[in-house]
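Trainee: next come a sequence and a model predicted from it.
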Amino acid sequence: MCLAIPSRIVKIEDSLGTIDVDGVKRVVSLLLLEDAQVGDYVIVHAGFAIHKIAETAAAESLKLLREMASLTEN
């Protein structure tokens, strides 16, 4: 099973994008997306951005993930 965490594209160079999740940045391939833009939210698997998602859906998913993580901090 794979946990898909929405990531925001903050930089694009050629076919590579830098993504950001709460300050953690990684470089991923954008070859599988036709029209990726800076500011888009994407789902990443195995180093490839595989799907764009709406900002509202990304925000809700990130909110739920943060809530789950806070339950384990006790």
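Mentor: Thanks, I have the structure now. Values in this document were obtained by computation on a predicted structure and should not be read as measured data. Numbers count the residues shown, from 1 in each chain.
Trainee: how about the strands of this structure, start to end?
Mentor: 7-13, 16-21, 24-29, 41-45, 48-53 (DSSP state E).
Trainee: where does K25 land on pLDDT?
Mentor: Listed pLDDT for K25 reads 97.
Trainee: tell me the confidence at the nearest residue to it once chain neighbours are set aside?
Mentor: Nearest non-adjacent residue to K25, counting by CB to CB, 6 or more residues apart in numbering: T18, 5.6 Å away. (Each C-beta comes from the backbone N, C-alpha and C, glycine too.) Looking at T18, its pLDDT stands at 98.
Trainee: so what's I19 up against?
Mentor: By CB atoms under 8 Å, 6 or more residues apart in numbering, the contact set of I19 is 7-10, 25-28, 42, 44, 49.
Trainee: let me know the closest of those residues to S70.
Mentor: Set against S70, the nearest of the contacts of I19 by CB to CB is S7 (20.1 Å).
Trainee: quote the end-to-end distance of stretch 17-35.
Mentor: Terminal residues of stretch 17-35 lie 12 Å apart, using CA to CA, to the nearest Å.
Trainee: that stretch: how far from the chain's middle?
Mentor: Put simply, stretch 17-35 sits 7 Å off its chain's centre (CA atoms, centre = their mean, to the nearest Å).
Trainee: next one: stretch 60-74
Mentor: With CA atoms, centre = their mean, you get 16 Å for stretch 60-74.
Trainee: show residues contacting that stretch.
Mentor: Applying CB under 8 Å, 6+ apart, the contact partners of stretch 60-74 are 5-6, 21-22, 53.
Trainee: that's all I had, so thanks and see you.
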